[in-house]
Structure formats: structure tokens, C-alpha cells
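Novice: Structure of the sequence below:
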Amino acid sequence: MMEHVLNLIRLQADMLHPKTEMNELAFLQKAIGYMHNYPGLIHHPAEELIFERLQNHAPDAEQLCIKLTDQHKQFSILEITLLEYISQAQEGDLGAFELIKKLSSTYCVEHVDHIAVEENDLLPQAVSSLTTDDWLDIGYKSNLDMDPLANPDILQHHESLYDYIMSSNPSLKAH
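Specialist: Alright, predicted model coming up:
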């Protein structure tokens, strides 16, 4: 789901121009807000629990875990900065539009690459290294099922984003 939101952000940001409708900026703001409020506050901390456990079982994964944790922090900073630029654009700052486009592109590319490294390099190692007790403890300490786009009843604030993603990709409705 995060990849869909990142694609949406990239597409919305690429189409930005000083005469962009305010509702388009608001939609971009919601998409970036989602990335800050779900992955940033729920998903990434859960992953960091995995990273911590993995380092105990596979010390050779330490550098990769540190890199991914640092990227989580950088994503949060980029999200806050993007939200500030969107506010500036909404207030009429024409220079903010180009900053949003540039920063969104960088943010999306880096985040997609980050997800690929987690899925292809780190998580397979975690699956093979962590014990059932590790996974139970990680599950207990995290709230992995709180993605508001997977369960739109949790946060109606993201309802328009959820509706857009579901209507633009019918294959997701089966999930």
C-alpha cells in the first residue's frame, strides 16, 4: 500500500504548477501526511523492533539495520519539510511549488529503494534468523494492523486517499 501512496505523491508532485488547484495540494498534503503518520509513527518503529532482534541473531546485519533506521529518520524529516512547503504553496508562495516537486521526487525514489532493500535483503534474513518468540514479542510490541488505508474505519482522515487508491487499482479490492 505504501508503494501506491508513493506513486501517487510522485504523480501529484510532477503535475504541480503555480496554478494548481487547492484541492490538489490538499490531496498531496493528505498523501504525505499518511506517509508521516502511518509508516513514520507505526510501521517504521515496528520494523526497528525487527532490526533490533535481527542484530542479536545476525550481527552481520548490523550495518544494514543502522542504515535503514537512519533512512526512517530522514524520511520523517523530508515529510515534515514537504508538509511545510505545501503549506507555503497554499499561502501563495510560488517558489514552494518547485521545491515540492524536487523534494517529492527524491523522497519517493529513496523510499521505494528503501522498501526494496527491506523486502529483498533484510526481511528474508529476519525470517530465517528470528525465532517464533522473537516474532511474537515484536507483534506484541507493535501495532502492525493499524494501517489506516488497510482499515479505513480507523482513521477517516485518510478516506479520500483510500478511495482514490482503491478506485485507481481494482486489484487491491480483493485484498
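Novice: what's the burial count for residue 68?
Specialist: 20 (other Cβ atoms under 10 Å). In this view, the C-beta of every residue, glycine as well, is placed from N, C-alpha and C.
Novice: phi, psi of it?
Specialist: Residue 68 adopts backbone torsions of phi -70, psi -40, taken as degrees, to the nearest 10.
Novice: Pick out the residue nearest the middle of the protein.
Specialist: The residue lying closest to the centre of the chain (Cα atoms, centre = their mean) is residue 35, at 3.9 Å.
Novice: What are the buried residues along stretch 102-119?
Specialist: Applying a neighbour-count criterion of 16 or more other Cβ atoms under 10 Å, one finds 103, 104, 107, 108, 111, 114, 118 buried in stretch 102-119.
Novice: Just say helix, strand or coil for the third one.
Specialist: What it means is residue 107. Recorded secondary structure, residue 107: helix (DSSP: H, G, I helix; E, B strand; the rest coil).
Novice: all numbers from here: first residue = 487
Specialist: Let's use 487 as the start, then, which means that last one is residue 593.
Novice: nearest residue to it other than its sequence neighbours?
Specialist: Nearest non-adjacent residue to residue 593, counting by Cβ to Cβ, 6 or more residues apart in numbering: residue 564, 4.6 Å away.
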